[in-house]
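Enquirer: Okay, here's the prediction I keep looking at, along with the sequence it came from:
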Amino acid sequence: MGKRYERIDGRIRTFIEEQPVFFTATAPLAADGHVNLSPKGRAGTLVVIDELTLAYLDFGGSGAETIAHLRENGRITLMWCAFTGPPKVLRVHGRGEPVFRDDPRWGEYIRLFADADGPGARAIIVIHAERIGDACGFAVPFMDYREERTQHAEHFGRKSDEEFAAYCEKKDHVGVSLDGLPALPLPLPARAD
């Protein structure tokens, strides 16, 4: 049976920090808009800032649906599944905001990500938790984690900041979402750090 938590501390924080993958879900306000669900998982790209705040790095390589939805309405859910150990599914429902590269807070947040930072970082998503709860996870299969995939970091690691900005401008659904909502500011702002 599921349980609600007032904050992200102790076992909950440890559980989040130990999982190699998490999922984000957002949606626009329009009833016929596209719901977005994304896997995330490069090591070091998610941090628990305090008992009610998390942040993760948003990288290039895909559309910008999450950013667009957060700019429109701020709603976001993060989910982790225990693929090893005791069964558990944990969700953090909250309000999120993208912090773009030219935001004065960028330098403060980007330092939290140490070695995970790179030229492919286009925003930092900051989430303020409003509801934290778990569920049994009995139907989640056991899965063995093998290793990090390196292709994403290697691909964007070969690009200069100017080349990355040009890449973002050419890619579909980066400046606007599938539903026409404003997403990543283009041209991509230079980094404020």
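Expert: Now that the structure is in, tell me what you want to look at. All figures in this text were calculated on a predicted structure; none of them were measured in a lab.

Enquirer: List the contacts of Glu169.
Expert: 175, 186-188 (Cβ atoms under 8 Å, 6 or more residues apart in numbering). Bear in mind the C-beta positions are built from the backbone N, C-alpha and C, glycine included.

Enquirer: I'd say Ile125 and His69 touch.
Expert: No. Between Ile125 and His69 there is no contact under Cβ atoms under 8 Å: 10.8 Å.

Enquirer: Pull the number of nearby residues for Val92.
Expert: 25 (other Cβ atoms under 10 Å).

Enquirer: I'd assumed it was in a strand, is it?
Expert: Yes. Counting by DSSP: H, G, I helix; E, B strand; the rest coil, Val92 is part of a strand.

Enquirer: And the longest strand along the chain, what's buried?
Expert: Assignment by DSSP state E gives strand 121-135 as the longest strand of the chain. Residues 121-129, 132, 134-135 are the ones in strand 121-135 that count as buried (16 or more other Cβ atoms under 10 Å).

Enquirer: how close does Arg158 get to Arg122?
Expert: Going from Arg158 to Arg122 by Cβ to Cβ, to the nearest Å gives 16 Å.

Enquirer: So for Gly61, what's the nearest residue that isn't a sequence neighbour?
Expert: The shortest distance from Gly61 to any non-neighbouring residue, by Cβ to Cβ, 6 or more residues apart in numbering, is to His152 (6.0 Å).

Enquirer: these two touch, right, the one you found and Gly120?
Expert: Yes. With contact defined as Cβ under 8 Å, His152 counts as touching Gly120 (7.1 Å).

Enquirer: Give the residues shared as contacts by the two.
Expert: 59, 61.

Enquirer: In this protein, which residue is most central in space?
Expert: Nearest to the mean C-alpha position of the chain, by Cα atoms, centre = their mean, lies Tyr56 at 4.6 Å.

Enquirer: three-state assignment of Gly96?
Expert: Going by three-state DSSP: Gly96 is strand.

Enquirer: can you give me the helices for the chain?
Expert: For the chain, the helices defined by DSSP state H occupy 10-18, 65-72, 106-110, 151-157, 161-170.

Enquirer: List the contacts of Thr24.
Expert: 36-38, 40, 56, 66, 76-79, 125.

Enquirer: if we can go back for a sec, mind giving me the ChimeraX command for buried ones among the contacts of Glu169?
Expert: Selecting only the buried entries of those in ChimeraX, with 16+ other Cβ under 10 Å as the criterion:
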select :175,188
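
Enquirer: would you list the contacts of Glu169 in CSV and tack on pLDDT and distance to Pro141?
Expert: Below are the contacts of Glu169 laid out as CSV (pLDDT from 0 to 100; distance: Cβ to Cβ, whole Å):
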residue, pLDDT, distance to Pro141
Gly175, 95, 38
Leu186, 96, 40
Pro187, 95, 43
Leu188, 93, 39
